[in-house]
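Colleague: sequence first, then the predicted structure, then my questions.
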Amino acid sequence: MTHPNTRRFPQPLRSPGAHTLAQPQRSLRLATMGVWALLGTVPVALALDMDDVVTGNTLRLLAERPDPGAYWYESRVRISADSLRSGVVDLHTCHHRLDGNHHIVVAFNPERVQHIALASSEGVGSAQVNGHRVDLRDVRTGGSVCINLRSRALEPQGNGQWRMHAGPLMRRYLDGYLPMQARLTFEWPSGLLVLGTTEPAAQPGVALSQSATGAQMDITFAGRLRATLDLHQTAPMQLGYSSSNPAATRRSVGVPLRTE
């Protein structure tokens, strides 16, 4: 989808060993937990090689980001005992280091999302919830917005097993996808759930940590990301929700490596 106020990159993409390519901007598309965000056009702060843009259905995990300091996304998902009955979870999401734009639309899947509320914004002229979308006006480069919501993102698998869905998550440019970072944090009361497998698994580009009260995935990638966590319910217990952060037990590669 082309934004009506299409502009040029201040520092256009370049092809290795070739002349600099001036490319028109297109919309940035992001999504997670059944949430879609259409973020205007994409001025890239740093010049990227065309090799950094992923096309088609390819997902490229990146142990090192080629454009550090650019857009990144985070979400904090709270899973309660009630979530295991309803499939509904509470989320706190933030879009950081937004690109400057007159109008950015963050749109959510109406089939999953049940409630949307603005939590905070910085470097944004105005932010307003309109149905299943949030409209941002006069966004300055480096701005941010945080949004709270409830979403039906937890799917029962039977026999006390659940699957948590995140995605598809993407940062779109023309017919391809730019690199981005996503930090996905999941919290639950101690003794309610244990983490099984994840997709993607821990590897260069995917850092995974877990504890008795949650798990966290830090993913650097280009392409369309669909992440899942398989969770197993322990013996039923009546517990209050603990909002403490998971005590990280690192299960990923400690030293970043180039994957390209």
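Modeller: Looks like it arrived, so ask away. Numbers count the residues shown, from 1 in each chain.
Colleague: quick one: Ala107 and Ala227, what's the gap?
Modeller: Using C-beta to C-beta, to the nearest Å, one gets 20 Å for the distance from Ala107 to Ala227. No exception for glycine: its C-beta is placed from N, CA and C like everyone else's.
Colleague: make that Gly131, sorry
Modeller: Counting by C-beta to C-beta, the separation of Gly131 from Ala227 is 27 Å.
Colleague: which of the two has more neighbours?
Modeller: With neighbours defined as other C-beta atoms under 10 Å, Gly131 and Ala227 compare such that Ala227 has more, 21 against 9.
Colleague: show me the strands in the stretch 101-250 of the chain, by range?
Modeller: 101-107, 113-130, 133-152, 154-158, 161-169, 172-173, 176-177, 179-187, 193-199, 206-211, 214-222, 225-233 (DSSP state E, counting those that start in this stretch).
Colleague: tilt between the fifth one and strand 154-158?
Modeller: Taking axes from the mean of the first three to the mean of the last three C-alpha atoms, to 10 degrees, strand 161-169 and strand 154-158 form an angle of 140 degrees between their directions.
Colleague: same check on the second one?
Modeller: Angle between the axes of strand 113-130 and strand 154-158 is 170 degrees (criterion: the same axes, to 10 degrees).
Colleague: run through who's touching strand 113-130.
Modeller: Judged by C-beta atoms under 8 Å, 6 or more residues apart in numbering, the contacts made with strand 113-130 from elsewhere in the structure are 34-35, 88, 92, 98, 108, 132, 134-152.
Colleague: go with 6 Å
Modeller: Outside of strand 113-130, the residues within contact range by C-beta atoms under 6 Å, 6 or more residues apart in numbering are 135-140, 142-146, 148-151.
Colleague: which of those residues lies closest to Asn159?
Modeller: Sorting these by distance to Asn159 puts Ser151 at the head of the list, at 24.1 Å, by C-beta to C-beta.
Colleague: show the pLDDT at that closest one.
Modeller: pLDDT, the model's per-residue confidence, is 93 for Ser151.
Colleague: distance of it relative to Gln203?
Modeller: Counting by C-beta to C-beta, the separation of Ser151 from Gln203 is 27 Å.
Colleague: looking at those two, which is more packed in?
Modeller: Residue environment comparison for Ser151 versus Gln203 gives the larger neighbour count to Ser151, 26 against 14, counting by other C-beta under 10 Å.
Colleague: quick check: ChimeraX command selecting the buried ones in the contacts of strand 113-130.
Modeller: Typed into ChimeraX, the next command selects the buried ones out of these (criterion: 16 or more other C-beta atoms under 10 Å):
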select :136,139,143,144,145,146,149,150,151
